[in-house]
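Chemist: need the 3D shape of this:
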Amino acid sequence: MKNLIYLLGVLFLLLSCDRKDEENTYPNCLNDKIESILQKPVQTPKVSLKKYNYKNTVVYAFFDLKNTDGTDMEVYDENCNLICAKGTTIDGNDFDSCIDWEDATYVSTVWTDPR
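Modeler: Below is the predicted model:
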């Protein structure tokens, strides 16, 4: 019995030491945007970055931004160019420059505010 426990302990240690840190699954140029989000107070729901296929292009969308200008979502291409944005202004008017966003295909969530 002692040998079995010892063997399981060694096996557990070997398997847990083999884990590798995941690399970013988003362009490095979005790190500045992520850092600016992390400098703000934590909010609910948490800001997330999601990968989509939009108009035959891979894009990255920040959700739940709650920017002071009313922007809730910003969409960037792989070169970190702002493609479009959605939100509501202070006076309650909606804006949406993401034409046909409903046709975008969700790929994965690549980052969520860890705080």
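Chemist: got a list of what the residue nearest in space to the middle of the chain touches?
Modeler: Nearest residue to the geometric centre of the chain (CA atoms, centre = their mean): residue 49, 2.0 Å. By CB atoms under 8 Å, 6 or more residues apart in numbering, the residues touching residue 49 are 26, 30, 34, 60, 61, 62, 63, 109, 110, 111, 112. In this view, the C-beta of every residue, glycine as well, is placed from N, C-alpha and C.
Chemist: any low-confidence regions in the protein?
Modeler: Counting by pLDDT under 70, the ranges of the chain that qualify are 1-24.
Chemist: can you map out the strands along it?
Modeler: Applying DSSP state E to the chain gives strands spanning 48-54, 57-63, 71-77, 82-88, 94-96, 105-112.
Chemist: compute the inter-axis angle for the last one and strand 48-54.
Modeler: Between the axes of strand 105-112 and strand 48-54, defined by axes from the mean of the first three to the mean of the last three CA atoms, to 10 degrees, the angle is 160 degrees.
Chemist: follow-up on the earlier one: separation between the residue nearest to the centre of the chain and residue 102?
Modeler: Remark: distance between residue 49 and residue 102 (CB to CB, to the nearest Å) = 20 Å.
Chemist: same thing with residue 32?
Modeler: For residue 32, the distance to residue 102 - CB to CB - is 29 Å.
Chemist: who's more crowded, the two?
Modeler: A direct count of neighbours by other CB atoms under 10 Å for residue 32 and residue 102 places residue 32 higher, at 10 against 6.
Chemist: quick one: contacts for residue 101?
Modeler: Counted by CB under 8 Å, 6+ apart, residue 101 has contacts 54, 75, 84, 86.
Chemist: what does residue 34 give?
Modeler: With CB under 8 Å, 6+ apart, residue 34 has these contacts: 49, 111.
Chemist: cool, the one 3 residues further on as well?
Modeler: Residue 37 sits next to 47, 62, 65, 113 when contact means CB under 8 Å, 6+ apart.
Chemist: and what of residue 113?
Modeler: 37, 38, 42, 43, 46, 47, 48.
Chemist: next: residue 97.
Modeler: Applying CB under 8 Å, 6+ apart, the residues near residue 97 are 84, 85, 86.
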